[in-house]
Every structure is written in structure tokens, then in C-alpha cells.
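K.L.:
the amino acid sequence is not available; the structure is as follows:
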């Protein structure tokens, strides 16, 4: 009989999630068909992925920065990183998006060569795309499934004992993709030109079952002589739990007690991500407390800050070229007066804009707070109190000092935003930095993070 295997049947067999099959049972002297073998593998795979989807939100597993390669033209260097997309874990390293020759010093760093910009100001978006695809004997096989990789693996799909194809493999493939001359922070179409749809915060799926997450937004200018520093826009993978099931992130473990940490809820609105600005710190506080959708769409996660070092937020800044757009940078913390008497909560808040610009184009800073009893449901009315609002060039500092009754909780919202203009011909850098860079000793001694309020904000449940 002529050996002529066919692979025309579905790689997933008869699998369907709604059938809830847990295994395929083979019988003595019974036929075992290829659909059944394929289905049993898919059942096990989907069980694993479903657990991961339930527990962990999609995003990068480690924080990654992209640097401009000083030795190459229009090229970025990105260290190896790992990510989870819809329950699938991928390792991205060794990619070479362009024509750069990999040097020994590069190791397995990812190389990304950008197109030259000569005509007008615009931006590039780098994103990660992940998909499954069949691999046959004789095809190129790249390390870790990275399709634009410099590292190739031997393809041993064909067993030399038989010398012909006896089976095929499904490989989880990943690729770095570049969306040039864009104004959005989201991938538009996959590598097969199928449109992407956002199915979870920062996670996109195409009609061809390809998944993507944005990585870096690279400002470009027609007059540039070198690349701008890329702005990270990737979601961070986080542990889901009953405390924060609808936010995709949990309270850091070491977030109470002394020395402990102060958890900071972080938000950042980006161009074309929300329809307009949320507003000043008072508006942010009122909308967050009432669980309004728009500000929570800009939630980027929780950053724990050590009180012994002083809460400082130097990493949160924006560097973008001219465009008719805003970027809001917001931090929220919830602290309880644990003493038996009223104590002033004192915090020094600082922000900086662009010192080269006139005041009407500089960063704006505002701070708001709300105080309520820890064991009572707070009023959800729009009654956050304005601590200060300022519009000044360069750097400004504001000091908030407010009396908090014994046992009460203060929710503090700090918000900064720069304004961009598109009618200028000279490239400027716009920094949007803010931080609470000093909590006095009395505040340290008497205030601790109030985890119940963090939970209530994250879940929207104030019962």
C-alpha cells in the first residue's frame, strides 16, 4: 500500500469548549482516529490555558525598556522578555526586525530597525503578535518560535528511522511588528491584514486568531537627527483574584505594616485611547470612586513604593513630539490614620513640565482628596476636595496638609498633564513627571495603607 498521509482534518479534532470534555477514553480493540488524538491534546492544552487566563491578565511578565542603539542607524535595542497573551506564554529574544547584522555584544537582545522619517512628524508603534501555526519537516525552525529571529533550530520533525513525514507539529509563534506613521497606541491589523479587536485591556485578537499587545510608541520627527526615546505602552501581566477580578491586578503582598510598602494605583490616558480627558484631580477622584468606566480604562496597574525611601515616582514621565493630544498621568493612594487622635496628613507633591515653553503650554498639576470613616460606606457624591491646581512653567511643588480624624481614611489623587501643539517646527521634549517626594515623620508614624479601600476601588463594591 502506498504511504500517503493526509493532514486535511482539523488540528483540534472535534474539540469544542462548550462540550466540557475532560479526556478522550480509548478502548480495547477499538479504532483510534486522528481527530481523537488531536482532540485529547487540545483538551489538555485548553484546560491549562483556561487556568492561566482566569488567574493572570495578559501582558509582559517583566518590565522592559527600549534603548536607542548608538552604533546603528534608526535601530532600537530591546532586552529579552516574556509575556502572556490569553493564557499563552511566549519568550521574545533574538528577534531582528530589519537588516542589522547581529554582533556578539548584542547577545539575544531584540533588534528593531525603524524606517527613516523625512516628510512629516509621525510616530511608530512596535507590538508583539502571537499565533499558532503548523510546522512540517524541512521548514525553517526558529528558536522560541520567534519568526524574525537570528537563531535557528534544527528541524527534526521527520524521524530518520522512517525517513518520511509521520506527523506534524503546531508551534506557538511570535513576531515583532512595526506600525509606522501612526497616531494610535493600538495595533490595527495583523500580519495577514486581518483587523484587530481589543478583547481585554491591552490585548487584541484578529479574525485569524492572532493575538497582540502594544509594546512601545516611538515619537518621530521630520527634522530629527536621531531617534527619540521610546515610550512603553505595554500592559503588565498581573495576578487576578477575588479582590480585583475586573481590574486584572491585585494588591501587592507586602503592602501593610512597617516597613511594608505603599501601593499606588497608576493611571495613564493616551492619545486616541479615551474620548477626551478625564479632567483634573477632583474629576478623577469622583469618577474613580463611583466606578465610572472611562478612567478605569486607563488603569495601568499597581506600583508598590517603599515608605522608607519616601514615595517617589521618577519613572512616570512622558516624552512625545508635537500633536493635538493630551496624556494624563495619575497616581492614587489610600491611607488610614491608625492613631487614636486627629493627625495632619502632610505630603509634598512635585511635578515638572517643559521649561522651554511658555506658561500656557506647560504641564498642569492638580491634587484632590476625600476623607471618610474606614468602617462606613463613603458618599459617592462628587465631593472630592481640591488640594491645589497650578499651571506653571518648569517645576512646581505643592504641599498638602489636611487633618484626618482618628481611624479615618484619606484617598489622595495626584494628576499631571502636558499640552502638545502641532504647529511648531522645532522639536521639543515634554516631560510629565510627578511624585510625592516627602511624607513627614508624623505622617509615616501615623498613616498606613488601607487595603480595604484599595479593594473597594478595584472591585467597585462598597457594601
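P.N.:
That came through fine. All values reported here derive from a predicted model rather than from experimental measurement.

K.L.:
counting neighbours, what do you get for the residue nearest to residue 102 when sequence neighbours are not counted?
P.N.:
The shortest distance from residue 102 to any residue other than its chain neighbours is 4.8 Å, reached at residue 150 (Cβ to Cβ, 6 or more residues apart in numbering). All C-beta spots, glycine's among them, are computed from the backbone N, C-alpha and C. Residue 150 has 17 neighbours, counted by other Cβ atoms under 10 Å.

K.L.:
who's in contact with residue 150?
P.N.:
For residue 150, the contact set (Cβ atoms under 8 Å, 6 or more residues apart in numbering) comprises 94-96, 102.

K.L.:
could you list the buried residues of the lengthiest helix in the chain?
P.N.:
The residue-count maximum for a helix in the chain (DSSP state H) belongs to helix 34-55. Neighbour counts over helix 34-55 (16 or more other Cβ atoms under 10 Å) mark 35, 38-40, 42-43, 45-46, 53 as buried.

K.L.:
nearest to residue 264, of the contacts of residue 150?
P.N.:
Using Cβ to Cβ, residue 95 comes nearest to residue 264 of the contacts of residue 150, at 32.5 Å.

K.L.:
for the closest one, list each beta-bridge partner.
P.N.:
residue 149 (DSSP bridges).

K.L.:
so for it, what's the pLDDT?
P.N.:
Residue 95 carries a pLDDT value of 95.

K.L.:
for it, give me its contacts.
P.N.:
110-112, 146, 148-150, 175-176.

K.L.:
tally of neighbours for residue 403?
P.N.:
12.

K.L.:
wait, what's in contact with it?
P.N.:
Residue 403 touches 342-345, counting by Cβ under 8 Å, 6+ apart.

K.L.:
try it again with 6 Å
P.N.:
Residue 403 sits next to 342, 344 when contact means Cβ atoms under 6 Å, 6 or more residues apart in numbering.

K.L.:
so for the helix or strand it falls within, what's the average pLDDT?
P.N.:
Residue 403 is located in strand 395-404, with elements delineated by DSSP states H and E. Averaging pLDDT along strand 395-404 yields 75.

K.L.:
which element follows that strand toward the C-terminus?
P.N.:
strand 408-417.

K.L.:
just checking: what are the partner strands of that following strand?
P.N.:
strand 328-337 (antiparallel), strand 364-373 (antiparallel).

K.L.:
quick check: which of the ones you listed is buried the most?
P.N.:
strand 328-337 (a mean of 24; mean count of other Cβ atoms under 10 Å).

K.L.:
now do it: everything it contacts.
P.N.:
262, 264-265, 267-269, 284, 316, 343, 374, 404, 406, 408-417, 432, 446-448, 450, 453-454.

K.L.:
filter the residues you listed down to the buried ones and hand me the PyMOL line.
P.N.:
Entered in PyMOL, the line below selects the buried ones among the contacts of strand 328-337, by 16+ other Cβ under 10 Å:
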select buried, resi 262+264+265+267+268+269+284+316+343+404+408+409+410+411+412+413+414+415+416+417+432+446+447+448+450+453+454
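
K.L.:
now the strands paired with strand 408-417 as a markdown table including distance to residue 234 and mean pLDDT?
P.N.:
Below are those laid out as a markdown table (distance: least, Cβ to Cβ, whole Å; pLDDT from 0 to 100):
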| stretch | distance to residue 234 | mean pLDDT |
| --- | --- | --- |
| strand 328-337 | 17 | 86 |
| strand 364-373 | 26 | 84 |
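
K.L.:
any chance of those in a markdown table, with distance to residue 82 too?
P.N.:
As requested, these are arranged in a markdown table below (distance: least, Cβ to Cβ, whole Å):
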| stretch | distance to residue 82 |
| --- | --- |
| strand 328-337 | 27 |
| strand 364-373 | 36 |
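
K.L.:
closest to residue 209 out of these?
P.N.:
strand 328-337 (34.0 Å).

K.L.:
what about the closest one, distance to the chain center?
P.N.:
19 Å (Cα atoms, centre = their mean, to the nearest Å).

K.L.:
leaving out the residues flanking it, which one is nearest to residue 89?
P.N.:
residue 82 (6.6 Å).

K.L.:
what strand or helix carries that neighbour?
P.N.:
Going by DSSP H and E, residue 82 is in strand 81-85.

K.L.:
taking the mean pLDDT, what do you get for stretch 281-292?
P.N.:
83.

K.L.:
can you list the buried residues in that stretch?
P.N.:
So for stretch 281-292, counting by 16+ other Cβ under 10 Å, buried means 281-289, 291.

K.L.:
just the closest of these to residue 66, please.
P.N.:
Checking the buried residues of stretch 281-292 against residue 66 with Cβ to Cβ, the nearest one is residue 284 at 28.9 Å.

K.L.:
for the stretch 151-300 of the chain, what spans make up the strands?
P.N.:
152-153, 169-182, 196-200, 203-206, 211-220, 231-232, 262-269, 299-305 (DSSP state E, counting those that start in this stretch).

K.L.:
the fifth one pairs with which strands, parallel or anti?
P.N.:
The reference is to strand 211-220. Going by DSSP bridges, the partners of strand 211-220 are strand 122-135 (antiparallel), strand 203-206 (antiparallel), strand 231-232 (antiparallel).

K.L.:
in the second one, which residues are buried?
P.N.:
By neighbour count on 16+ other Cβ under 10 Å, the buried set for strand 203-206 is 203-206.

K.L.:
so of the buried residues of stretch 281-292, which ones are in helices?
P.N.:
Reading helices off the buried residues of stretch 281-292 with DSSP H, I get 281-289.

K.L.:
okay if I get the residues you listed as TSV plus distance to residue 296?
P.N.:
Formatted as TSV, those follow (distance: Cβ to Cβ, whole Å):
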residue	distance to residue 296
281	16
282	17
283	14
284	11
285	13
286	13
287	9
288	7
289	11
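
K.L.:
between those residues, which is nearest residue 365?
P.N.:
residue 281 (8.6 Å).

K.L.:
residue contacts, the closest one?
P.N.:
Residue 281 makes contact with 366-368, 413, 415, according to Cβ under 6 Å, 6+ apart.

K.L.:
possible to save those residues as a markdown table with distance to residue 27?
P.N.:
Converted to a markdown table, the contacts of residue 281 look like this (distance: Cβ to Cβ, whole Å):
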| residue | distance to residue 27 |
| --- | --- |
| 366 | 70 |
| 367 | 70 |
| 368 | 68 |
| 413 | 64 |
| 415 | 65 |
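
K.L.:
between the residues you listed, which is nearest residue 124?
P.N.:
residue 415 (28.0 Å).

K.L.:
dig out what the closest one forms beta bridges with.
P.N.:
Counting by DSSP bridges, residue 415 forms beta bridges with residue 330, residue 366.

K.L.:
from residue 31, how far off is it?
P.N.:
66 Å (Cβ to Cβ, to the nearest Å).

K.L.:
also residue 86?
P.N.:
With Cβ to Cβ as the criterion, residue 86 and residue 31 are 34 Å apart.

K.L.:
who's more crowded, those two?
P.N.:
Between residue 86 and residue 31, residue 86 has the larger neighbour count (other Cβ under 10 Å), namely 17 against 7.

K.L.:
OK, contacts around the closest residue to the more buried one other than its chain neighbours?
P.N.:
Spatially, and ignoring its direct neighbours in sequence, residue 86 is nearest to residue 211 (5.4 Å; Cβ to Cβ, 6+ apart). Shown in contact with residue 211 (Cβ under 6 Å, 6+ apart): 85-86, 130, 205.
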